[in-house]
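Participant: Fold the following for me, if possible:
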Amino acid sequence: MVLSNTVDKMLSEDYKERFIAEYQQLSIRHDGLKKMLDNWDKGNLNFIPTCPRSTYDLQIKAMNDYRAVLEARAVMENIDLQKIIRRKRGIIMSNSKLVNYTKLSPNHSGKRTHSIDRITPHCVVGQCSVETLGNIFMNTAREASCNYGIGYDGRVLLCVDEGNRSWCSSSNANDQRAVTIECASDTTAPYTMNSKVYNKLVALCVDICKRNGKTKLLWFGNEDKTLNYSPRSGEMVLTVHRWFANKSCPGDWLYNRLGNLADEVTAQLGGKTSNKENEEMIKYGAHNTATLAFKKQLITLYNMKNYQD
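Facilitator: Predicted coordinates:
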């Protein structure tokens, strides 16, 4: 992203578009100054700065405060900056780099209408390879697909781009927001998965959470509680196919291990979201504790004003 990329939004008649452009321009200038200061600290500057270091330190602090104000306003005015913030943190919507084999199915609904906040693992009911899985979901008559598949040997199939809604869980509402994963399993109950499949499922869930800005994977083990729960911005929730259709999927073997799966993934994410400060940093999109406090103060004052009015 360079300044010239923000021109169209800056000239938009929609003030929210102009607001986003303002935020992008500030971020570009902030990052440029920070890079210069980092090089200064490393002794790598190829010029002599005109101003004393203290002046640039004041400028970078002012920029951080300015950005905090904009992010607070975005919360108040319902302006979505999350995609930009995730991109700045290296969290970009993409497919997993764990993919070993790609065979894109025609069976999908195109771009999602809901952001990703669920993962739904399934059992294939067969010890399939990724090649076999890919062929299965190429059949349009089946009207079925998944985002990812894990073969019996732990290899990963990309079947439907992560940004698209697959046809996997017998529920449009679930599949619009869930990354769906078909896992090779035995053909009879409890549909056991081997260690290569399970371990890759853990790794894939970690990767999905990281790229979607999630720090915690949740398993409630209760259909009503799960489907009525609104995940916080740093949370991903596990759902299962059996809640949406008369099926045993993902099989009792995996179903009984979903709590462990959630714990393993959260541990690898360093998920300490029970810590109140970390939760609030996710909620408010703060970059550090200083901007967190500043943004909370601004939003609190805004809410107090609305209450008085």
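
Participant: What residues sit buried inside stretch 187-203?
Facilitator: Buried residues in stretch 187-203, counting neighbours by 16 or more other C-beta atoms under 10 Å, are found at 190, 191, 192, 193, 197, 198, 200, 201, 202, 203. C-beta: built from backbone N, CA, C; applies to glycine.

Participant: The second one: what's it in contact with?
Facilitator: Applying C-beta atoms under 8 Å, 6 or more residues apart in numbering, one finds that residue 191 lies in contact with 123, 125, 185, 248, 250, 251, 252, 253, 254.

Participant: Which of the buried residues of stretch 187-203 fall within strands?
Facilitator: With strands taken from DSSP state E, there is no overlap with the buried residues of stretch 187-203.

Participant: Residue 141: what's it in contact with?
Facilitator: So residue 141 contacts nothing (C-beta under 8 Å, 6+ apart).

Participant: pLDDT at it, what is it?
Facilitator: At residue 141, the model reports a pLDDT of 93.

Participant: tell me the phi and psi of it?
Facilitator: phi -70, psi -20 (degrees, to the nearest 10).

Participant: what about it, distance to residue 58?
Facilitator: 66 Å (C-beta to C-beta, to the nearest Å).

Participant: which other helices and strands contact the lengthiest helix in the chain?
Facilitator: Taking DSSP state H as the criterion, the chain has its longest helix at helix 15-42. Packing partners of helix 15-42 (3 or more C-beta pairs under 8 Å, 6 or more residues apart in numbering; DSSP states H and E): helix 7-10, helix 53-77, helix 82-88.

Participant: For residue 218, what are phi and psi?
Facilitator: Per degrees, to the nearest 10, the backbone of residue 218 is at phi -110, psi 140.

Participant: Does it touch residue 234 like I think?
Facilitator: No. The pair residue 218 / residue 234 is not scored as a contact, 10.6 Å apart, by C-beta atoms under 8 Å.

Participant: Helices along the protein, start to end?
Facilitator: Taking DSSP H as the criterion, the chain carries its helices at 7-10, 15-42, 53-77, 82-88, 130-136, 172-177, 195-211, 223-227, 251-255, 258-268, 276-284, 289-308.

Participant: Relative to residue 94, which of these is closest?
Facilitator: helix 195-211 (6.2 Å; C-beta to C-beta).

Participant: Tell me which of the helices and strands packed on helix 15-42 approaches residue 21 most closely.
Facilitator: Residue 21 lies closest, by C-beta to C-beta, to one member of these: helix 7-10, at 3.6 Å.

Participant: State the mean pLDDT of the closest one.
Facilitator: pLDDT averaged over helix 7-10 gives 87.

Participant: Contacts for that helix, please.
Facilitator: Residues contacting helix 7-10 (C-beta under 8 Å, 6+ apart): 17, 18, 20, 21, 22, 24, 25.

Participant: how close does the residue nearest to the fifth one when sequence neighbours are not counted get to residue 59?
Facilitator: Take residue 22 and drop its neighbours on the chain: the residue closest to it by C-beta to C-beta, 6 or more residues apart in numbering is residue 70, 6.9 Å away. Computed with C-beta to C-beta, the distance linking residue 70 and residue 59 is 16 Å.

Participant: Kindly report the same for residue 171.
Facilitator: Noted for residue 171: a distance of 51 Å to residue 59, by C-beta to C-beta.

Participant: Mind checking which of residue 70 and residue 59 has more residues around it?
Facilitator: residue 70 (18 against 15; other C-beta atoms under 10 Å).

Participant: and residue 62, how many neighbours?
Facilitator: Neighbour tally, residue 62, other C-beta under 10 Å: 11.

Participant: doesn't residue 67 make contact with residue 74?
Facilitator: No. Using C-beta under 8 Å, residue 74 makes no contact with residue 67, being 10.4 Å away.

Participant: Many thanks, I have nothing further to ask.
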